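Chemist: I'd like to go over a predicted model; first the sequence, then the structure.
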Amino acid sequence: MGPWDACSPVLDGRLLPRARHGLASLTPREREVLRIVVSGLSAKEAAETLGISTRTAELHLSRVRDKMGLRNVVLLALYVAVIEGVALG
């Protein structure tokens, strides 16, 4: 299994409808945490930036992954940066 194999469901479009719907349904706080995490910071750093607990930031990130159907931060970043090509902030 190569390093891009985990990205293939996003790249070939199988996850796009759910991810698009999920992105549209994020709360403002979930969107903030997503923006920070896909920029390369950890959930802990996102928590510090937003003045919330690490556990709360992790919970927001978990909800983002669930809503968008993307299981990890790499797939979230790929979707947001490459497929959507939008700024979250």
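Modeler: Structure received.

Chemist: the longest helix in the chain is where?
Modeler: Across the chain, the longest stretch assigned as helix under DSSP state H is helix 54-68.

Chemist: ok, then the element right after it?
Modeler: helix 73-78 (DSSP states H and E).

Chemist: got the buried residues for that following helix?
Modeler: By 16 or more other C-beta atoms under 10 Å, the buried positions in helix 73-78 come out as Val73, Leu75, Leu76, Ala77, Leu78. All C-beta spots, glycine's among them, are computed from the backbone N, C-alpha and C.

Chemist: redo these as a markdown table? Include pLDDT and distance to Leu50.
Modeler: Formatted as a markdown table, these follow (pLDDT from 0 to 100; distance: C-beta to C-beta, whole Å):
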| residue | pLDDT | distance to Leu50 |
| --- | --- | --- |
| Val73 | 88 | 17 |
| Leu75 | 85 | 22 |
| Leu76 | 89 | 17 |
| Ala77 | 86 | 18 |
| Leu78 | 81 | 23 |
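
Chemist: ok, so of these, who is nearest Gly22?
Modeler: Leu76 (9.9 Å; C-beta to C-beta).
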